[in-house]
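J.: Provided below for reference: sequence and predicted model.
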Amino acid sequence: MSRPPFDPRLRQFADQPTWRRIAASYLLLAAIPFALWAVSNPLVATTALVGVATLVTGGRHAYRFARCLRHCKRITVDLFGSAQVTVTRPSADDVCC
């Protein structure tokens, strides 16, 4: 049994560029020189990667902290399981000026 010819109107748009694909291709282009540099300077490259990972992780934690403080208006920190410290934002009624 023969198959009908391929109808181009029914094709999936997998070949269409998207912003995510464009960004991924630019990252791959930047990764090649970085990989060559990392092979020639492994200690400096490791230090740079650890620094970037630390900045990303710290940024994520700071964003979550700020979002929680903005939403809940307070933050509670446990101190070794024996004490808790709660920091709250003052409301407009609490300000005396």
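T.: Everything's here; your move.

J.: host element of V77?
T.: Per DSSP states H and E, V77 falls inside strand 74-79.

J.: Which strands border that strand, and is each parallel or antiparallel?
T.: strand 83-88 (antiparallel) (DSSP bridges).

J.: quick revisit: can you list contacts of the strand holding V77?
T.: Outside of strand 74-79, the residues within contact range by CB atoms under 8 Å, 6 or more residues apart in numbering are 65, 68-69, 84-89. Yep, even glycine has a C-beta here, placed from its N, CA and C like the rest.

J.: please redo it, this time with the cut-off set to 6 Å
T.: Under the criterion CB atoms under 6 Å, 6 or more residues apart in numbering, residues 69, 84-88 lie in contact with strand 74-79.

J.: Among the residues you listed, which one has the most neighbours?
T.: In terms of neighbours by other CB atoms under 10 Å, the contacts of strand 74-79 top out with L69 at 14 neighbours.

J.: Spatially nearest residue to that residue, not counting backbone neighbours?
T.: Residue nearest to L69 in three dimensions, not counting chain neighbours: I75, with 5.6 Å by CB to CB, 6 or more residues apart in numbering.
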